[in-house]
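Trainee: Generate coordinates for the sequence data below:
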Amino acid sequence: MDEWKRVAWSDESRFLIHHVDGRVKIRRLTGEQLLPSCAADHTQAGCGGIMLWGTFSWAALGFVVVVEQTMKAVNYLSNIADQLHPYMAFVFSTGNGIFKKDNAPCQKARIVLEWFKEHNDEFHLMSWPPNSPDLKPMEHIWDVMKRQLRAQTPPCPNISTLRDRCLGIWCNLSPVMYQKLVASMRRRVAAVLKAKKGAMRY
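Mentor: Alright, predicted model coming up:
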């Protein structure tokens with residue numbers, strides 16, 4: 001458990017103005033299918049959205065940034081230098097922190113790898129094999145945020161409101177929630193080993 005407390009997790013996720021899953025239930029009587037009151041308006045899925053990239057650890061909720069475009073090496077390097085670096089220095093001041101990358105292609109760029117190598121004395125990187133079971137607790141945080149976003153009324157009218165609501169939800173995430181996610185890592189890993197490539201509940 002103590003080792004998992006030293007890990008800072010990162011990930012990115014897309015948030016849409018309109019969440020549409022394609023399933024709409026309407027109750028109507030025979031002959032009412034053409035009445036306006038018994039028809040569902042079609043909303044184009046998404047209608048715009050934003051990409052968020054954030055990080056957290058047992059000790060503290062970290063930063064979250066709005067990614068304006070596809071994350072490229074230069075953008076990623078800017079984020080880790082301006083956001084991740086001071087976060088790791090603050091939370092893991094003794095240099096024992098471990099950063100878990102999310103294996104995005106931009107993180108394998110030469111300039112990014114060189115930056116991590118230059119700061120290896122300040123924190124370490126966690127090795128994570130490709131095509132491995134996705135146990136990142138960040139996925140659960142994104143899910144919590146998206147459910148809270150969908151529960152808010154009225155729906156987001158534009159990108160600016162969507163961004164403000166997402167940032168507000170992030171800032172109010174409960175420490176109890178994300179600490180429970182870190183505490184579950186030991187069970188998650190054990191479940192992966194027990195499943196032997198089979199399905200599991202995480």
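Trainee: Report the separation between the two terminal residues of stretch 113-122.
Mentor: Between the opening and closing residues of stretch 113-122 lies a distance of 15 Å (C-alpha to C-alpha, to the nearest Å).
Trainee: mean confidence score for that stretch?
Mentor: This predicted structure assigns stretch 113-122 an average pLDDT of 95.
Trainee: what element comes up after whatever helix or strand residue 78 lives in heading to the C-terminus?
Mentor: Under the criterion of DSSP states H and E, residue 78 resides in helix 73-79. Next in sequence after helix 73-79, counting helices and strands by DSSP H and E, comes helix 85-91.
Trainee: how much distance is there from that next one to the middle of the chain?
Mentor: For helix 85-91, the distance between its averaged C-alpha position and the chain's averaged C-alpha position is 19 Å (C-alpha atoms, centre = their mean, to the nearest Å).
Trainee: mind listing what's buried in that helix?
Mentor: Using 16 or more other C-beta atoms under 10 Å as the burial criterion, the residues of helix 85-91 that qualify are 87, 88, 91. (Each C-beta comes from the backbone N, C-alpha and C, glycine too.)
Trainee: Next up, the contacts around the first one.
Mentor: Taking C-beta atoms under 8 Å, 6 or more residues apart in numbering as the criterion, residue 87 is in contact with 8, 55, 60, 62, 63.
Trainee: What of the second one?
Mentor: When the contact criterion is C-beta under 8 Å, 6+ apart, the partners of residue 88 are 8, 97, 99, 122, 123.
Trainee: can you check the last one too?
Mentor: Residue 91 makes contacts with 8, 57, 59, 60, 62, 97, as judged by C-beta under 8 Å, 6+ apart.
Trainee: nearest residue to the first one other than its sequence neighbours?
Mentor: Right, residue 8. Using C-beta to C-beta, 6 or more residues apart in numbering and skipping the chain neighbours, the partner closest in space to residue 8 is residue 57 (4.4 Å).
Trainee: ok, that neighbour touching residue 63?
Mentor: No - the pair formed by residue 57 and residue 63 falls short of the contact definition of C-beta atoms under 8 Å, at 11.6 Å.
Trainee: what about these two, which has more around it?
Mentor: The residue with the greater number of neighbours, taking residue 57 and residue 63 and applying other C-beta atoms under 10 Å, is residue 57; the counts read 25 against 16.
Trainee: separation between that one and residue 191?
Mentor: 22 Å (C-beta to C-beta, to the nearest Å).
Trainee: need the helices for the protein, in chain order.
Mentor: Assigned by DSSP state H, the helices in the chain fall at 73-79, 85-91, 110-118, 138-151, 159-171, 175-183, 185-195.
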